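>>> output the structure for:
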Amino acid sequence: MAATILIADDDAVQRRLVENMVQKCGYEPLVVDSGDAAIAALTASDARTIDAVVLDLVMPGLDGLGVLAKIREAGLNVPVVVQTAHGGIDNVVSAMRAGAQDFVVKPVGFERLQVSLRNALNASALKGELQRIRHSREGRLTFSDIITRSEAMTGALRTAQKAASSAIPVLIEGESGVGKELFARAIHGSSERKAKPFVAVNCGAIPDNLVESILFGHEKGAFTGATERHQGKFVEAHGGTLFLDEVGELPLTAQVKLLRALQEGTVEAVGGRKPVKVDVRIISATNRKLLDLVKAGQFREDLFYRLHVLPLTIPALRQRREDIPHLLRHFLARFCAEENRTITGISGEAMAHLAQLDWPGNIRQLENTVYRAVVMSDGDQLGLADFPQAAAHAAPEGRAAHTEPLVVSPSTAPAMTSGNEIPIPIAALPSTAGMLSMLNGSGDVRPLEDLENEIIRFAISHYRGQMSEVARRLKIGRSTLYRKLDEAAAGDRTDEAN
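Below you'll find the predicted structure:
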């Protein structure tokens with residue numbers, strides 16, 4: 001799924017121009033005709049996720065500065081590119097102070113808008129990654145930190161959001177690397193316990209003889225090597241959330257004590273003389289089917305039902321392939337910043353292959369793959385050769401490919417498509433006397449006259465033949481407009497004669 005760009009402009013001609021340019025950049029445009037409609041599109045509960053905004057600064061009603069103010073009041077982090085026909089320094093300063101990412105003057109050229117959107121999306125991705133890392137370290141992750149556009153994730157997110165408003169035990173199931181701990185941290189960060197500790201325990205990494213000590217604590221001298229008192233993870237998480245990762249790996253002896261702790265709300269340290277009251281919210285996770293372990297006698301049935309109060313299953317990455325381009329953008333922005341590398345993006349061939357793979361290690365594998373590619377690459381763009389582990393696996397036949405390149409820097413432009421797809425305003429052409437050619441997929445060229453005629457006809461139709469208004473909007477004189485119309489008519493008669 002391509003990034004969605006919201007276009008807000010009261011001028012229908014400019015809206016169509018920018019909309020076609022946005023499509024040509026490989027993004028999905030969403031067009032509105034007023035500032036109020038832009039705010040509604042950004043804040044509606046069922047609205048599409050907006051990745052960036054192209055905002056007209058001068059509009060009737062709520063103008064661009066008003067929209068920027070409301071975006072700031074709503075706490076939205078969407079990057080905004082402001083455009084206006086009035087390019088004074090005061091407008092630039094006001095827009096930037098109000099939170100705009102960039103500023104362009106109408107009529108904006110294709111390359112200029114392309115650069116602005118790339119920079120805005122790249123900066124937003126990097127900012128999101130840095131915020132996500134900071135929130136994770138501070139225990140303040142929320143559901144907005146989860147990168148997803150997939151409908152397959154809708155049910156899991158809805159369940160998790162409801163769980164956050166309660167202290168109900170949650171069991172998160174899913175393959176390794178799908179983000180189970182991320183969901184657990186988001187539930188905690190969105191709950192009333194967010195100011196209290198979030199304590200994570202990897203049950204599969206604890207030696208069997210130390211499980212009880214790690215979870216429930218021990219007294220000094222309780223066993224050989226216990227040289228000091230340890231309070232245990234339950235006490236450490238008091239008032240907050242205890243996350244039991246890979247809970248299915250717990251030995252049966254520890255399961256008995258865990259069950260008692262959940263039932264009684266108390267824990268007893270190894271070597272302790274009396275139980276300690278604890279208030280913890282339990283979130284557990286497993287990459288195995290706990291019910292199968294219960295049937296095999298490897299997991300206690302009574303403990304299973306204590307943990308399995310609210311089950312939550314996170315889909316594997318192969319079930320949410322539309323998230324792969326967005327994950328790639330965020331990982332690439334982060335690792336380029338961490339490694340001080342200037343990489344402009346990922347080629348279309350590599351994107352097509354990466355989007356088709358099954359990724360058995362899920363998001364963790366994808367993240368590590370991008371990390372390796374950034375470190376080992378010698379070029380300024382990642383190609384298929386930079387992903388040798390991915391290239392070694394053949395993609396399944398018949399699967400739809402994501403062939404558009406991923407671009408995160410203005411250094412490299414994507415291949416241009418047919419000029420028929422986007423009308424170019426006459427004032428934005430590089431030369432009013434020269435010829436402009438645009439390459440399409442077959443290598444043909446399109447002369448300037450065809451492009452000019454297309455936009456002139458659209459403007460005349462939209463403004464209902466008001467030639468003064470058409471000339472003003474296209475930034476040309478009326479005499480020039482009439483001359484071009486005469487030339488177009490003569491060209492049409494010549495074509496008919498031939």
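>>> end to end, how far does stretch 172-187 reach?
11 Å (C-alpha to C-alpha, to the nearest Å).
>>> can you give the contact residues for it?
136, 139, 141-143, 145-146, 156, 160, 163-164, 170, 198, 200, 241, 243, 245, 283-287, 289-290, 311-317, 360-365 (C-beta atoms under 8 Å, 6 or more residues apart in numbering). In short, each C-beta sits where N, CA and C put it, glycine included.
>>> which parts of the stretch 151-300 of the chain are helices?
Secondary structure of the stretch 151-300 of the chain (DSSP state H, counting those that start in this stretch): helices at 154-164, 180-189, 211-216, 233-236, 252-264, 290-295.
>>> which helices and strands sit right next to the last one?
Which is helix 290-295. Applying 3 or more C-beta pairs under 8 Å, 6 or more residues apart in numbering; DSSP states H and E, we find helix 290-295 packed against helix 301-307.
>>> pLDDT (mean, whole number) over the helix it packs on?
Taken as a whole, helix 301-307 has an average pLDDT of 94.
>>> quick check: what element follows that helix along the chain?
Going down the chain from helix 301-307, the next helix or strand is strand 310-313, by DSSP states H and E.
>>> quick one: name whatever helix or strand follows that next one.
Next along the chain after strand 310-313, taking DSSP H and E as the criterion, comes helix 324-339.
>>> give the rounded mean pLDDT of that next one.
pLDDT averaged over helix 324-339 gives 86.
>>> likewise for stretch 218-225?
pLDDT averaged over stretch 218-225 gives 77.
>>> list of residues touching it?
Under C-beta under 8 Å, 6+ apart, the answer for stretch 218-225 is 212, 213, 226, 227, 228, 229, 230, 232, 269, 270, 271, 272.
>>> now those residues in TSV, with distance to residue 100 and neighbour count?
Below are the contacts of stretch 218-225 laid out as TSV (distance: C-beta to C-beta, whole Å; neighbours: other C-beta atoms under 10 Å):
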residue	distance to residue 100	neighbour count
212	57	23
213	56	21
226	60	15
227	60	8
228	56	8
229	56	15
230	53	19
232	51	25
269	57	23
270	60	19
271	63	15
272	60	16
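>>> are any of the contacts of stretch 172-187 buried, and which?
136, 139, 141-143, 145-146, 156, 160, 163-164, 170, 198, 200, 241, 243, 245, 283-287, 290, 312, 314-317, 361-363, 365 (16 or more other C-beta atoms under 10 Å).
>>> count of neighbours near the closest residue to residue 8 other than its chain neighbours?
Distance criterion C-beta to C-beta, 6 or more residues apart in numbering; nearest residue to residue 8, sequence neighbours excluded, is residue 38 at 3.9 Å. Neighbourhood size, residue 38 [other C-beta atoms under 10 Å]: 29.
>>> can you list the buried residues in the helix or strand hosting residue 38?
Per DSSP H and E: residue 38 is located in helix 35-43. Going by neighbour count (16+ other C-beta under 10 Å), the buried part of helix 35-43 is 35, 36, 37, 38, 39, 41, 42.
>>> can you list the contacts of stretch 218-225 in JSON lines and add distance to residue 204?
Below are the contacts of stretch 218-225 laid out as JSON lines (distance: C-beta to C-beta, whole Å):
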{"residue": "212", "distance to residue 204": "16"}
{"residue": "213", "distance to residue 204": "16"}
{"residue": "226", "distance to residue 204": "23"}
{"residue": "227", "distance to residue 204": "26"}
{"residue": "228", "distance to residue 204": "26"}
{"residue": "229", "distance to residue 204": "26"}
{"residue": "230", "distance to residue 204": "20"}
{"residue": "232", "distance to residue 204": "18"}
{"residue": "269", "distance to residue 204": "23"}
{"residue": "270", "distance to residue 204": "20"}
{"residue": "271", "distance to residue 204": "25"}
{"residue": "272", "distance to residue 204": "26"}
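>>> and those, which is closest to residue 116?
residue 232 (53.8 Å; C-beta to C-beta).
>>> my read: that closest one touches residue 206, true?
No. Counting by C-beta atoms under 8 Å, residue 232 stays clear of residue 206, with 11.9 Å between them.
>>> common neighbours of these two, please.
Common neighbours of residue 232 and residue 206, using C-beta under 8 Å, 6+ apart, are residue 214.
>>> quick one, phi/psi of residue 20?
phi -70, psi -40 (degrees, to the nearest 10).
>>> now do it, the pLDDT please.
90.
>>> how about residue 28?
87.
>>> pairing partners for it in the sheet, please.
residue 4 (DSSP bridges).
>>> count the residues that sit near it.
Neighbour tally, residue 28, other C-beta under 10 Å: 13.
>>> what's the spacing between it and residue 19?
According to C-beta to C-beta, to the nearest Å, residue 28 stands 10 Å off from residue 19.
>>> surely residue 332 touches residue 370?
Yes. Between residue 332 and residue 370 there is a contact under C-beta under 8 Å: 5.8 Å.
>>> so for those two, which sits in the more crowded spot?
The residue with more neighbours, out of residue 332 and residue 370 and counting by other C-beta under 10 Å, is residue 332; that gives 27 against 24.
>>> mind showing which ranges of the stretch 251-400 of the chain have poor pLDDT?
Applying pLDDT under 70 to the stretch 251-400 of the chain picks out residues 391-400.
>>> equivalent analysis for the stretch 1-150 of the chain, please.
1, 86-90, 92, 136-139.
>>> ranges for the strands of it?
For the stretch 1-150 of the chain, the strands defined by DSSP state E, counting those that start in this stretch cover 4-8, 28-32, 52-56, 80-84, 102-105.
>>> so who does residue 389 touch?
369, 372.
>>> what does residue 277 give?
Applying C-beta under 8 Å, 6+ apart, the residues near residue 277 are 265, 266.
>>> bridging residues for it?
Bridge pairing for residue 277 (DSSP bridges) gives the partners residue 266.
>>> cool, and the one 5 residues further on?
According to DSSP bridges, the partner residues bridging residue 282 are residue 242.
>>> surely residue 168 touches residue 310?
Yes. Shown here, residue 168 and residue 310 form a contact pair, counting by C-beta under 8 Å, at 5.0 Å.
>>> okay, those two: which has more neighbours?
Neighbours of residue 168 and residue 310, each counted by other C-beta under 10 Å, are more numerous for residue 310; the result is 16 against 13.
>>> that one pairs with what?
Beta-bridge partners of residue 310, as defined by DSSP bridges: residue 170.
>>> ok, now which ones touch it?
Residue 310 touches 159, 163, 168, 169, 170, 171, counting by C-beta under 8 Å, 6+ apart.
>>> max pairwise distance over these: which two?
Farthest apart among those - using C-beta to C-beta - are 159 and 169, which lie 13.2 Å from each other.
>>> residue 191 reaches residue 164, doesn't it?
Yes. Between residue 191 and residue 164 there is a contact under C-beta under 8 Å: 4.7 Å.
>>> between the two, which contacts overlap?
By C-beta under 8 Å, 6+ apart, no residue touches both residue 191 and residue 164.
>>> can you give me the pLDDT of the nearest residue to residue 143 once chain neighbours are set aside?
Nearest residue to residue 143, sequence neighbours excluded (C-beta to C-beta, 6+ apart): residue 186, at 4.9 Å. Residue 186 carries a pLDDT score of 93 in this model.
>>> and residue 383, how many neighbours does it have?
16.
>>> what of residue 180?
Look at residue 180: counted by other C-beta under 10 Å, it has 24 neighbours.
>>> so what's the residue nearest to it when sequence neighbours are not counted up against?
Leaving aside its chain neighbours, residue 180 sits nearest to residue 285 (4.1 Å; criterion: C-beta to C-beta, 6+ apart). By C-beta under 8 Å, 6+ apart, the contact list for residue 285 reads 171, 172, 173, 174, 180, 181, 184, 243, 244, 245, 246, 247.
>>> for the contacts of residue 310, which one is nearest residue 469?
Using C-beta to C-beta, the contacts of residue 310 come closest to residue 469 at residue 159, 54.5 Å.
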